[in-house]
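>>> please find the sequence and the predicted model below.
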Protein chains: 2
Amino acid sequence: MQPDHVIRALSALAQEHRLAAFRLLVQAGEQGLAAGVLADRLDVPPSSMSFHLAQLANAGLVTQRRESRSIIYSADYAAMNGLMGYLTENCCGGVPCAADAGEATA
Amino acid sequence: MQPDHVIRALSALAQEHRLAAFRLLVQAGEQGLAAGVLADRLDVPPSSMSFHLAQLANAGLVTQRRESRSIIYSADYAAMNGLMGYLTENCCGGVPCAADAGEATA
DNA sequence: TCCATATTTCCACATTTCTCGAATCATCGG
DNA sequence: CCGATGATTCGAGAAATGTGGAAATATGGA
């Protein structure tokens, strides 16, 4: 993963609505969630949601597929793994930062 | 780590110069690097560097200490661990994203 | 075809972020 | 005290980002 791509991924996640949306998509799993459902759950107008989802898609963190009238977004776990890998390699001194990251809620 | 703090940390890293600076600081280890050295290495004017370092410090990702006329910045590994922990817990579906993240260069 | 639903695109506007020279502040040596 | 060095703060302008209504684009059902 190139630095340029890393920046885009970090930028994509560095926003309240987008981080929340991505979390919901991760929870939803392969099945994903429709754009409208995300907009509803996050209480964001459809056009704004669309804008944010486009950013996540541009960063490669989510994929989209049409299903009838809905467009379903899903988290791209591989992309997230790539980001985590880069951060571990380049920003944690090689030490396995998240290996024992159980204290996330502490 | 609260979502608000996570956003600030991600925002801090989501910028070319700041990501580069943080990587240098991680490489430098405990010893850290002076603000001027970072500005030199990254070819950024001192005032701009200062601005970016302030953002990293605000996000809690770096610490600073004065050493004679220089101000030395160091990466805060614990803070980075906290961020990685949050991402692993909330954005990777619990799966240990970076556990086998050796393919970071792939 | 016509209508309703789901989403995106377009657009203007507000806000935030980035940039960097100049001025200021802090520390050291003489 | 003075001058030099290292860094931050200030201020103004440029650029990028976020917001949300209105219009446009798909899809499906009657």
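That came through fine.
>>> host element of the most centrally placed residue in chain A?
The centre of chain A sits closest to residue A:22, judged by CA atoms, centre = their mean, with a distance of 3.9 Å. In this assignment (DSSP states H and E), residue A:22 forms part of helix A:16-28.
>>> what about stretch A:86-95, distance to the chain center?
Averaging C-alpha positions (CA atoms, centre = their mean, to the nearest Å) puts stretch A:86-95 20 Å from its chain's average.
>>> what residues does residue A:37 make contact with?
Neighbour list for residue A:37: empty [criterion: CB atoms under 8 Å, 6 or more residues apart in numbering or on different chains]. In short, each C-beta sits where N, CA and C put it, glycine included.
>>> check whether the helix or strand hosting it contacts DNA strand C.
Applying DSSP H and E as the criterion places residue A:37 in helix A:35-42. Yes. For helix A:35-42, a contact with DNA strand C is found by CB under 7 Å from any atom of the strand, at A:35, A:36, A:37, A:39.
>>> could you check how far the first one is from chain B?
Here the criterion is CB to the nearest CB, to the nearest Å. By it, residue A:35 lies 19 Å from chain B.
>>> where does chain A get nearest to DNA strand D, residue-wise?
residue A:47 (3.2 Å; CB to the nearest atom of the strand).
>>> give the buried residues for the host helix or strand of that residue.
If you go by DSSP H and E, residue A:47 is part of helix A:46-58. Under the neighbour-count criterion of 16 or more other CB atoms under 10 Å in any protein chain shown, helix A:46-58 has A:49, A:52, A:53, A:55, A:56 buried.
>>> and what of stretch A:78-97?
Buried, per 16+ other CB under 10 Å, within stretch A:78-97: A:79-93, A:96-97.
>>> I'd say residue A:16 and residue B:7 touch.
Yes. The pair residue A:16 and residue B:7 qualifies as a contact (CB atoms under 8 Å) at a distance of 6.1 Å.
>>> the helix holding residue A:22 packs against which elements?
In terms of contacts (3 or more CB pairs under 8 Å, 6 or more residues apart in numbering or on different chains; DSSP states H and E), helix A:16-28 is packed against helix A:3-13, helix A:35-42, helix A:46-58, strand A:70-75, helix B:3-13, helix B:77-91.
>>> which of those sits closest to residue B:63?
Nearest to residue B:63 among the helices and strands packed on helix A:16-28 is helix B:77-91; the distance by CB to CB comes to 8.9 Å.
>>> would you mind naming what in chain A lies close to DNA strand C?
Residues of chain A lying near DNA strand C (CB under 7 Å from any atom of the strand): A:34-37, A:39, A:46-47, A:49-51, A:53-54, A:64, A:69-72.
>>> count of residues packed around the closest residue to residue A:44 other than its chain neighbours?
Using CB to CB, 6 or more residues apart in numbering or on different chains and skipping the chain neighbours, the partner closest in space to residue A:44 is residue A:17 (5.6 Å). Around residue A:17 sit 18 other residues, with neighbours defined as other CB atoms under 10 Å in any protein chain shown.
>>> ok, now which ones touch residue A:17?
A:42, A:44, A:48, A:49, A:52.
>>> wait, which of those is closest to residue A:11?
residue A:52 (11.6 Å).
>>> quick one, what contacts the closest residue to the closest one other than its chain neighbours?
In space, residue A:52 comes closest to residue A:18 once its chain neighbours are excluded; the distance is 4.8 Å by CB to CB, 6+ apart. Contacts were defined as CB under 8 Å, 6+ apart; by that measure residue A:18 touches A:12, A:52, A:55, A:56.
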